[in-house]
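Participant: give me the fold of what follows.
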Amino acid sequence: MSLTTRVLIALVVGIAAGLALSAMHVPYAPQIIAVVEPVGTLFINAVRMTVVPLVFSLLVAGVASAGNPASIGRLGGRALFLFVVLLTLAGVTAAVVAPPVLARIPIDPQAVQALRANAHDASSVLTGARAPTFAQWLVDLVPANPIKAAADGSMLPLIVFAIALGLALLGVPTRRRSALVELFRGFADAMLVIVRWILKLAPIGVFALSLPLVAKLGLAAVGALASYVVLVSLATIVFVVVVIYPLAAIGGHLPMGRFARAVFPAQAVAFTARSSLVALPALIEGARKRLSMREEIAGFLLPLASATFRIGASLGLTIGALFIARLYGVTLAPSNIATVVLTSVITSFSIPGVPAGSIIGMVPVLQSVGLPLDGLGILLGVDTIPDSFRTAGNVTAQMAAVVVVARDRQAQLSPVASPVAAPSSVTVAPRADETTAVE
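Facilitator: Predicted structure coming up:
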């Protein structure tokens, strides 16, 4: 039985048990919750334990591995710029669309108060402290003490420091830089091993998190979760149809039907496998055969996009954070929402290629504004459906961005397809640990 199936079963059992405790007014319900709740907290703490070292090491190694910035060239630079623009647009779209939709979800105020009383990770937003001004938020982006920022769980300043350190390593002699990059990569790999250990216990953690939550919210929890699944799935579909397809047609000077036919096989693989990396061979094949994209373009930009550019993550992380804020009755100030969007965009570049990798990406987003982490197990349990839509959106955006950059660099797409054998280095299959990636 797969991890996804076991997690889904645990979620259903936890919801059923929580509903039974809520509806039947079991006399010993508070004692049962008191026993189960610490197990869920333990699971969340185990996930949190890996987040700071994992995200930090992945970002430093990723930036420092780019090589000499001059050797990357204008092609990669323009691609990365377009990635950031589209990710930011997706995050802003989610931040604008999600709040009015989530506001319509009925939540019992007394249940919200119970959740807030048990939200151990609540920040100043929960305690009623005044939200920081934009100037203070901007100043806080650069940590005076990176180690303190890590200890406090201030992920956004820590991410800024990680990027700065990675860029600084590009100026270090190659021999010394390679040693440090390998150190960070090894550290990240070790954290991923721990993550896999933790995720084997995910069914227990999801059950322990869902039972107390549903027991306190009752039927409102079920409706809220269904609303979250529909919202993320529809938001991804609409963004792809309204933004990504026209981008490929207009920015790439490409008939929309031709683009749709080229990307469809990769979409099918991504939707079923829920992994952008698994869909990469189909993505390259579609670019070469149906778009006649030059091999040096497809072989460089598509792997780059597949490894770093996940439009669904920016949408999903932002909506997920806003959903948890709504679930716990937290009102986010505009500066808090801006932090959520910015952290979602940056974090999307470092989501690890492991099962349930998106749950790791959600942690720094929530921590950036002090939102409770208790609801993460619930999102993990219902993530299968929206994750399929997000991953299909990822590969669609990856193909569209590469088409635009290739056309912008005047790497012409010939009007008649002429299949050419792809170099073996382009079509190497992903590692076994990547084939089940959530994102």
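Participant: quick check: closest non-adjacent residue to Phe271.
Facilitator: Leaving out its chain neighbours, the residue that sits closest to Phe271 by CB to CB, 6 or more residues apart in numbering is Ala392, at 4.4 Å. To be clear about C-beta, it is placed using only N, CA and C from the backbone, and glycine gets the same treatment.
Participant: mind telling me what element that neighbour is part of?
Facilitator: Using DSSP states H and E, Ala392 sits within helix 384-408.
Participant: check which helices and strands that helix sits against.
Facilitator: Where contact means 3 or more CB pairs under 8 Å, 6 or more residues apart in numbering; DSSP states H and E, helix 384-408 is packed against helix 69-102, helix 219-239, helix 256-273, helix 280-289, helix 295-308, helix 311-327.
Participant: looking at the ones you listed, which is buried most?
Facilitator: Comparing the helices and strands packed on helix 384-408 by mean neighbour count (mean count of other CB atoms under 10 Å), helix 311-327 ranks first with a mean of 28.
Participant: now the helix or strand just after that helix: buried residues?
Facilitator: Going down the chain from helix 311-327, the next helix or strand is helix 334-348, by DSSP H and E. Of all the residues in helix 334-348, those buried under the rule 16 or more other CB atoms under 10 Å are 335-348.
Participant: could I get those in JSON lines, plus columns for distance to Leu373 and pLDDT?
Facilitator: Shown next, in JSON lines, are those (distance: CB to CB, whole Å; pLDDT from 0 to 100):
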{"residue": "Ser335", "distance to Leu373": "21", "pLDDT": "90"}
{"residue": "Asn336", "distance to Leu373": "16", "pLDDT": "91"}
{"residue": "Ile337", "distance to Leu373": "18", "pLDDT": "93"}
{"residue": "Ala338", "distance to Leu373": "21", "pLDDT": "93"}
{"residue": "Thr339", "distance to Leu373": "16", "pLDDT": "91"}
{"residue": "Val340", "distance to Leu373": "14", "pLDDT": "93"}
{"residue": "Val341", "distance to Leu373": "19", "pLDDT": "94"}
{"residue": "Leu342", "distance to Leu373": "19", "pLDDT": "91"}
{"residue": "Thr343", "distance to Leu373": "14", "pLDDT": "90"}
{"residue": "Ser344", "distance to Leu373": "16", "pLDDT": "91"}
{"residue": "Val345", "distance to Leu373": "20", "pLDDT": "90"}
{"residue": "Ile346", "distance to Leu373": "19", "pLDDT": "86"}
{"residue": "Thr347", "distance to Leu373": "15", "pLDDT": "83"}
{"residue": "Ser348", "distance to Leu373": "19", "pLDDT": "84"}
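Participant: go through those residues and name the one nearest Phe43.
Facilitator: Nearest to Phe43 among the buried residues of helix 334-348: Thr347, at 20.4 Å, using CB to CB.
Participant: of the helices and strands packed on helix 384-408, give the one that comes closest to Leu165.
Facilitator: helix 69-102 (15.1 Å).
Participant: please name the nearest non-neighbouring residue to the spatially most central residue of the chain.
Facilitator: In the chain, the residue lying closest to the centroid (CA atoms, centre = their mean) is Ala313, at 3.5 Å. Excluding the flanking residues, the one nearest Ala313 by CB to CB, 6+ apart is Ser348, at 3.8 Å.
Participant: right, and the one you found touches Gly361 too?
Facilitator: Yes - contact criterion CB atoms under 8 Å: Ser348 and Gly361 qualify, at 6.8 Å.
Participant: any shared contact partners between the two?
Facilitator: 313, 317 (CB atoms under 8 Å, 6 or more residues apart in numbering).
Participant: in space, what's closest to Leu219 - neighbours in sequence excluded?
Facilitator: The nearest residue in space to Leu219 (CB to CB, 6+ apart) is Leu19, at 7.0 Å.
Participant: what is the neighbour count of Ile147?
Facilitator: For Ile147, the neighbour count with other CB atoms under 10 Å is 10.
Participant: check which helix or strand it maps to.
Facilitator: Short version, using DSSP H and E: Ile147 is in helix 146-152.
Participant: downstream neighbour of that helix in the secondary structure list?
Facilitator: Proceeding N to C from helix 146-152, the next assigned helix or strand is helix 155-169, under DSSP H and E.
Participant: flag every buried residue along that next one.
Facilitator: 155-163, 165-166, 169.
Participant: so can I have TSV of these showing pLDDT and distance to Ser227?
Facilitator: Putting those into TSV (pLDDT from 0 to 100; distance: CB to CB, whole Å) gives the following:
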residue	pLDDT	distance to Ser227
Met155	66	27
Leu156	67	28
Pro157	80	33
Leu158	80	32
Ile159	75	30
Val160	81	34
Phe161	88	37
Ala162	85	35
Ile163	79	35
Leu165	89	40
Gly166	83	39
Leu169	87	44
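Participant: coming back round to it: any buried residues in the helix holding Ile147, and which?
Facilitator: For helix 146-152, by 16+ other CB under 10 Å, it's 146, 149-150.
Participant: now it, how far from the centre of its chain.
Facilitator: Distance, stretch centre to chain centre, for helix 146-152: 22 Å (CA atoms, centre = their mean, to the nearest Å).
Participant: before we move on, the earlier item: what sits against the residue nearest to Phe271?
Facilitator: If you count contacts by CB under 8 Å, 6+ apart, Ala392 has them with 236, 240, 267, 270-271, 312.
Participant: one more pass at 10 Å, please.
Facilitator: Neighbouring residues of Ala392 by CB atoms under 10 Å, 6 or more residues apart in numbering: 236-237, 240, 263-264, 266-272, 274, 276, 279, 312.
Participant: which regions of the stretch 101-250 of the chain lie under the pLDDT threshold?
Facilitator: The stretch 101-250 of the chain contains residues with pLDDT under 70 at 108-134, 136-137, 153-156, 217, 220-221.
Participant: and stretch 367-376, end to end?
Facilitator: By CA to CA, to the nearest Å, the extent of stretch 367-376 from end to end equals 12 Å.
Participant: quick one: mean pLDDT over it.
Facilitator: For stretch 367-376, the mean per-residue pLDDT is 81.
Participant: which ones are touching Ile194?
Facilitator: The contact partners of Ile194, by CB under 10 Å, 6+ apart, come to 46-47, 49-50, 53-54.
Participant: report the lowest-confidence entry in these.
Facilitator: pLDDT is lowest at Val47 among the contacts of Ile194; the value there is 75.
Participant: hey, least reliable of the helices and strands packed on helix 384-408 by pLDDT?
Facilitator: If you rank these by mean pLDDT, helix 295-308 sits at the bottom with a mean of 72.
Participant: output the helices and strands packed on helix 384-408 as a markdown table; include the columns distance to Asp387.
Facilitator: Output for the helices and strands packed on helix 384-408, formatted as a markdown table (distance: least, CB to CB, whole Å):
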| stretch | distance to Asp387 |
| --- | --- |
| helix 69-102 | 15 |
| helix 219-239 | 9 |
| helix 256-273 | 10 |
| helix 280-289 | 17 |
| helix 295-308 | 16 |
| helix 311-327 | 8 |
